[in-house]
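Visitor: Here's my sequence, what's the structure:
(4 chains, ligands or ions: 4)
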Number of protein chains: 2
Amino acid sequence: MRHLADQIEVMKNKGFKVTHQRLVVLDYLQHSKKHPSAEMIYNDLKEKYPTMSLATIYNTLEMLMKINLVVDIGAPEERRRFDGILVEHSHFFCTKCGKIEDLTVPGIEQLFEKAKAAHPGTINHCRLDFFGFCEECQAQEEQAVE
Amino acid sequence: MRHLADQIEVMKNKGFKVTHQRLVVLDYLQHSKKHPSAEMIYNDLKEKYPTMSLATIYNTLEMLMKINLVVDIGAPEERRRFDGILVEHSHFFCTKCGKIEDLTVPGIEQLFEKAKAAHPGTINHCRLDFFGFCEECQAQEEQAVE
DNA sequence: TAAATATTGACATTTATTCTTCTTTAGTCT
DNA sequence: AGACTAAAGAAGAATAAATGTCAATATTTA
Ligand SMILES: [Mn+2]
Ligand SMILES: [Mn+2]
Ligand SMILES: [Zn+2]
Ligand SMILES: [Zn+2]
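Guide: Ligands and ions are numbered 1, 2, ... in the order given. As a prediction, the model looks like this:
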């Protein structure tokens, strides 16, 4: 599930056509650390691909989520934010500037197992999110006090 | 921060008036396991308090969140869902029927401390959420297969 | 090359939340 | 207790903007 060839296979196997646009969006998401919204993707890609439409971004995202190549990270915002990097990791949300950062905290696996054992239904996945001020916003806060 | 008297104090200290409506909404949230949306609160309360308006529910929720007596649990849904039970706990979201359940998983505190140490900014709070099928939905799935 | 599927780009939707106006109430002072 | 005032509530209308839709056109794939 790491290489482009595999991902093309996934699309094909699920009966989806492998289009230029889909590969571009997927590649963008796999190399971005921005956790972009649909519109951010659109804005970034339209420089290089000026005819790509926002509707396609939405359609593509929905399709990529359906085949589990992209996830909605559940940001506490109006618009949905996406991640194409599927290695298990947590997110930090700056409550001042809105920045979203990756954060890897070891030990989630054990909690996940505990939760599975404790819950009467079925648990497929979990998320561990953190909230606070990012480094820059924290520095600003401290300056403001002085 | 456990008793009504304390909570009335919090409201007063922050310069908010203690109104019947605010106490009703707060009490409702502190005794509900539904993690209701604004509209669910409205619908449930209007039987007993027919003149209470939806706008008041929204205003009250905003105010109660401001003074940290209520939180938005960040449900993966269109409408916001609220919790008035502030004892540290996780949530389980059924991806089939939308039910939200409380789940207590010991050991989050350690991860929180690790994350604080690892992050260059300031972390105020974290959330650990689980997703899957609730007991009922899981049973239905199994029946459907047979 | 043909059928199936996807993309465009303009436009529609929709519904959760906010705003507005008027009325009521909580908190304070005498 | 009565009166005053700023804040809050009621009711309904307005909003806003993220996302979905649609018909014509293009692309994929067998
Ligand atoms: Mn990430
Ligand atoms: Mn809860
Ligand atoms: Zn920040
Ligand atoms: Zn369920």
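Visitor: ok, and does stretch A:80-94 reach over to DNA strand C?
Guide: No - shown here: stretch A:80-94 not in contact with DNA strand C (C-beta under 7 Å from any atom of the strand), separated by at least 14.3 Å. C-beta: built from backbone N, CA, C; applies to glycine.
Visitor: Do that stretch and ligand 3 come into contact?
Guide: Yes - contact of stretch A:80-94 with ligand 3 (C-beta under 5 Å from the ion) involves A:C94.
Visitor: After the longest helix seen in chain A, heading C-terminal, what element do we hit next?
Guide: In chain A, taking DSSP state H as the definition, the longest helix is helix A:54-66. Sequence-wise, the next helix or strand downstream of helix A:54-66 (DSSP states H and E) is strand A:71-72.
Visitor: What is that following strand packed up against?
Guide: Here strand A:71-72 touches strand A:82-83, going by 3 or more C-beta pairs under 8 Å, 6 or more residues apart in numbering or on different chains; DSSP states H and E.
Visitor: C-terminal to the strand it packs on, what's the next element?
Guide: Immediately after strand A:82-83, counting by DSSP H and E, sits strand A:90-94.
Visitor: Which positions in the following helix or strand past that following strand come out as buried?
Guide: Downstream of strand A:90-94, the first helix or strand assigned by DSSP H and E is strand A:100-103. Buried residues in strand A:100-103, defined by neighbour count with 16 or more other C-beta atoms under 10 Å in any protein chain shown: A:I100, A:E101, A:L103.
Visitor: any bit of strand A:100-103 sitting next to chain B?
Guide: Yes - remark: strand A:100-103 sits within contact range of chain B at A:L103, by C-beta under 8 Å from any C-beta of the partner chain.
Visitor: That strand pairs with which strands, parallel or anti?
Guide: Counting by DSSP bridges, the strands paired with strand A:100-103 are strand A:90-94 (antiparallel).
Visitor: as a whole number, average confidence for the partner strand?
Guide: Averaging pLDDT along strand A:90-94 gives 96.
Visitor: what's next to that strand, contact-wise?
Guide: Identification of contacts with strand A:90-94 by C-beta atoms under 8 Å, 6 or more residues apart in numbering or on different chains yields A:35, A:73, A:75-76, A:99-105, A:108, A:127-134, A:137, B:115, B:119, B:121, B:123.
Visitor: can you tell me how far the residue nearest to the spatial centre of chain A sits from A:T104?
Guide: Centroid-nearest residue in chain A: A:D83, 1.5 Å away (criterion: C-alpha atoms, centre = their mean). A:D83 sits 13 Å away from A:T104, going by C-beta to C-beta, to the nearest Å.
Visitor: A:D27 too?
Guide: Taking C-beta to C-beta, one finds A:D27 at 23 Å from A:T104.
Visitor: go on, A:M65?
Guide: 22 Å.
Visitor: buried residues in stretch A:4-15?
Guide: A:Q7, A:M11.
Visitor: excluding its backbone neighbours, what's nearest A:G98?
Guide: Setting aside the residues directly before and after it, A:G98 is nearest to A:E77 in space (C-beta to C-beta, 6 or more residues apart in numbering or on different chains), at 6.9 Å.
Visitor: Any idea how many residues pack against that neighbour?
Guide: 11 (other C-beta atoms under 10 Å in any protein chain shown).
Visitor: Kindly report the same for A:V87.
Guide: Quick note: A:V87 (other C-beta under 10 Å) scores 8 neighbours.
Visitor: where are the low-confidence patches of chain A?
Guide: Along chain A, the parts satisfying pLDDT under 70 run over A:1-2, A:145-146.
Visitor: Can you give the domain ranges for it?
Guide: The domain map for chain A lists A:1-86, A:87-146, with the assignment taken from automatic domain parsing.
Visitor: Residue for residue, what is the longest strand chain A has?
Guide: Criterion DSSP state E: the longest strand present in chain A is strand A:122-133.
Visitor: Extract the C-alpha set from that one and format it as CSV.
Guide: C-alpha atoms of strand A:122-133 as CSV (Å, rounded to 0.1, in the frame of the first residue of the first chain):
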residue,chain,number,x,y,z
THR,A,122,-16.5,-3.6,17.2
ILE,A,123,-13.8,-0.9,17.1
ASN,A,124,-12.1,-0.3,13.8
HIS,A,125,-10.0,2.7,14.4
CYS,A,126,-9.1,5.4,16.9
ARG,A,127,-7.7,8.9,16.9
LEU,A,128,-5.7,10.8,19.4
ASP,A,129,-5.8,14.5,19.0
PHE,A,130,-4.1,17.3,20.9
PHE,A,131,-5.1,20.9,21.2
GLY,A,132,-3.2,24.0,22.3
PHE,A,133,-0.9,26.7,21.0
